[in-house]
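K.L.:
Provide a 3D model corresponding to the input given below.
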Amino acid sequence: MLKIYFMAVVSPAHIKRNFSLVYQLLEEMVYNGFPCTVEPNAMQQMINNHAHLSTTLARGATSVTPWRKSGVNYAHNEIFFDVVEEIDAIVSSSGMTTMQRVNASIQVICHLSGYPEVVVGLAKRDAIKAISMHPSVKVGVFHGTGNLAFVPPDGETVPLFFPVTLFFPVFGF
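P.N.:
Numbers count the residues shown, from 1 in each chain. Down below sits the predicted model:
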């Protein structure tokens, strides 16, 4: 969240110079120790970069889709999907792999007008076991049809994150 507000790498100097903004962000994000408003679009409507609260309640804060700004209109509607796989492995001094883990995520950059519902078909959905989904994903549709259906947040998001099961042993590199 701080990276979005400062539009740069966050450093201790940034936090010291913008203490009141950081304090307001944390106050809105956490209520009694529980996450409250964590969607960047809703936060940007409630707290601007001049470090004072808006006089009106953000439209996204009470919306059914708080991750989506209202009234978004683009001259060119476009959406980009990336499938990112991360491989972690521990290799012993003899060259044998002692542990391997592969995690995958679907990353989306969305510049679509209005409130679009995007449906993406996934092949081999049965191979996806323990998953983490963004609140915008319709879980019932995913478990019923295997399709990823959601109203994407404006900008960058990760609607789906999951470990990949290795069907073969990895012995060495």
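
K.L.:
May I see the domains of this structure written out as residue ranges?
P.N.:
Taking automatic domain parsing as the reference, the chain has its domains at 2-61, 78-164.

K.L.:
helix or strand for the residue of the chain most remote from its centre, which one?
P.N.:
The outermost residue of the chain relative to its centre, with distances by CA atoms, centre = their mean, is residue 94 at 39.0 Å. Assigned by DSSP states H and E, residue 94 belongs to neither a helix nor a strand.

K.L.:
give the contact list for it.
P.N.:
Counting by CB atoms under 8 Å, 6 or more residues apart in numbering, residue 94 makes contact with nothing. The C-beta positions use only the backbone N, C-alpha and C, and glycine is treated the same way.

K.L.:
What of the one 10 residues further on?
P.N.:
Applying CB under 8 Å, 6+ apart, we find residue 104 in contact with 83-86, 161-164.

K.L.:
JSON lines for those residues, including secondary structure and pLDDT?
P.N.:
Output for the contacts of residue 104, formatted as JSON lines (DSSP: H, G, I helix; E, B strand; the rest coil; pLDDT from 0 to 100):
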{"residue": "83", "secondary structure": "strand", "pLDDT": "91"}
{"residue": "84", "secondary structure": "strand", "pLDDT": "92"}
{"residue": "85", "secondary structure": "strand", "pLDDT": "90"}
{"residue": "86", "secondary structure": "strand", "pLDDT": "90"}
{"residue": "161", "secondary structure": "strand", "pLDDT": "90"}
{"residue": "162", "secondary structure": "strand", "pLDDT": "87"}
{"residue": "163", "secondary structure": "strand", "pLDDT": "86"}
{"residue": "164", "secondary structure": "strand", "pLDDT": "77"}
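
K.L.:
May I see those arranged in TSV, with distance to residue 112 and neighbour count as well?
P.N.:
What follows is the contacts of residue 104, written out as TSV (distance: CB to CB, whole Å; neighbours: other CB atoms under 10 Å):
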residue	distance to residue 112	neighbour count
83	20	9
84	21	11
85	26	9
86	27	11
161	22	16
162	24	17
163	29	15
164	29	15
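
K.L.:
Looking at those residues, spot the one nearest residue 30.
P.N.:
Closest to residue 30 out of the contacts of residue 104 is residue 161 (22.3 Å), distances taken as CB to CB.

K.L.:
helices or strands up against the top helix by length along the chain?
P.N.:
Longest helix of the chain, by residue count under DSSP state H: helix 19-29. Secondary-structure packing of helix 19-29 (3 or more CB pairs under 8 Å, 6 or more residues apart in numbering; DSSP states H and E): helix 2-6, helix 40-46.

K.L.:
Would you mind finding the most buried of those?
P.N.:
helix 40-46 (a mean of 20; mean count of other CB atoms under 10 Å).
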